[in-house]
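**Q** Sequence and predicted model, in that order:
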Amino acid sequence: MSSFVRSAAASDLDVLAGIETAADALFEPLFGTTGWGDAPSGSERLNEPGLLLDVAGGEDGPAVGFVHVLHNGDGAHIEQLSVHPMHTRRGHGTALLEAAIDEAAERGATVLTLRTYADVPWNAPFYAAAGFHERPEPEDDFHRRVSAAESELDLARHGRRVHMELRLRMEMDAQSFETLVIDELDRLPDDMVDGLENVVFVVEDAPENGEDLFGVYEGFALTERGQYGLGELPDRIVVYRHAHLAACRDEAELRAEIHTTLVHEIAHFYGIDDAQLHELGWA
């Protein structure tokens, strides 16, 4: 069954508390009576500063699950993710989590955090499969408040609670990034780089005009040079650090993105379009 994730609308709010209550009942065979009290209403959640998404089994169907993400400075925190037990094992939870990750990254968060039970299969193992890692609890006011709320509900009496994080973008200083670009340039095929003439490679943080670019070729393509070669300044291939780091979560992704940028900008030097790139086996 398909999952349709959307921003929670006013018509969805009345069912969210019922979804959470039904999902919480799944813990009772493990914990007995939880004593967690009434779930917040959809309106209460919507009034929190953050992100509220729900999921339906059809494009215009009723909500069967939701995720509530709170803003936390340059981070975001999953406060609740619930799917009604009648609609589990259909990919709705995964769809909600993926949408929350994408939306948090789009809104500029650098890390997405949560707290959950370490040994409940649909808790920590579920998030670990999505790339979250157990980490020490951050020592900031927001996470201290989260811990205090958990202590008030005595959640730890049911099992070990863990703090988990997913990095939404990388952090790397300019020198380290430039070293990575040089390394990826050295790995390019000889037939791609041997023909480069009067071209320099430059690493910058971001374009001065504010555009969101991975890279740019500044100069004249080989096919357009004509009488080129009479003392012109070198053409430039510029690789932008900030855009690459914002798009990648680990070094493997970063290397792949840098490779793609280098190949496409070098292709501009040769006057090669995307179709020719694939024919040459460069992309």
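**A** Okay, I see it.

**Q** remind me, longest helix of this structure?
**A** helix 251-270 (DSSP state H).

**Q** Downstream of that one, the next helix or strand is which one?
**A** helix 274-280 (DSSP states H and E).

**Q** which residue is nearest the centroid of the protein?
**A** Residue closest to the average C-alpha location in the chain (CA atoms, centre = their mean): L168, at 4.3 Å.

**Q** List the contacts of it.
**A** L168 sits next to 76, 101, 104-105, 109-112, 249 when contact means CB atoms under 8 Å, 6 or more residues apart in numbering. In this view, the C-beta of every residue, glycine as well, is placed from N, C-alpha and C.

**Q** now, the most widely separated pair of those?
**A** Pairwise distances across the contacts of L168 (CB to CB) peak at 14.2 Å, for the pair A76 and R249.

**Q** May I see the buried residues of stretch 126-146?
**A** 126-127, 132, 138, 143, 146 (16 or more other CB atoms under 10 Å).

**Q** Point out the least confident one among those residues.
**A** For those, the weakest pLDDT value sits at P138, with 93.

**Q** quick one: that one and T113 touch, right?
**A** Yes. With contacts counted by CB atoms under 8 Å, P138 reaches T113, the gap being 7.5 Å.

**Q** Residues that sit against both of these two, list them.
**A** With CB under 8 Å, 6+ apart as the test, P138 and T113 both reach H163.

**Q** just to revisit the earlier point, show only the entries of the contacts of L168 found in strands.
**A** 76, 111-112 (DSSP state E).

**Q** I'd like those as JSON lines, with distance to V193 appended.
**A** Below are the ones in strands among the contacts of L168 laid out as JSON lines (distance: CB to CB, whole Å):
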{"residue": "A76", "distance to V193": "41"}
{"residue": "V111", "distance to V193": "37"}
{"residue": "L112", "distance to V193": "38"}
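
**Q** Let me know the closest of the residues you listed to V83.
**A** L112 (18.4 Å).

**Q** Bridged to that closest one, which residues?
**A** Listed beta-bridge partners, L112: A76, L166 (assigned using DSSP bridges).

**Q** Let the chain start at 409 from now.
**A** Sure, I'll start numbering at 409, so the last one becomes L520.

**Q** my guess is it meets A512, correct?
**A** Yes. Contact criterion CB under 8 Å: L520 and A512 qualify, at 5.1 Å.

**Q** where do the contact lists of these two overlap?
**A** 477, 484, 576.

**Q** Which positions in stretch 510-529 come out as buried?
**A** Using 16+ other CB under 10 Å as the test for burial, stretch 510-529 gives 511-513, 517-525, 528.

**Q** which one of those residues sits closest to G458?
**A** A512 (9.4 Å).

**Q** that older thread, as a markdown table, the ones in strands among the contacts of L576 with pLDDT and distance to H566 would be great.
**A** Formatted as a markdown table, those follow (pLDDT from 0 to 100; distance: CB to CB, whole Å):
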| residue | pLDDT | distance to H566 |
| --- | --- | --- |
| A484 | 97 | 26 |
| V519 | 94 | 26 |
| L520 | 97 | 24 |
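
**Q** residue ranges of the helices in the stretch 559-691 of the chain, please?
**A** Secondary structure of the stretch 559-691 of the chain (DSSP state H, counting those that start in this stretch): helices located at 582-594, 598-601, 649-655, 659-678, 682-688.
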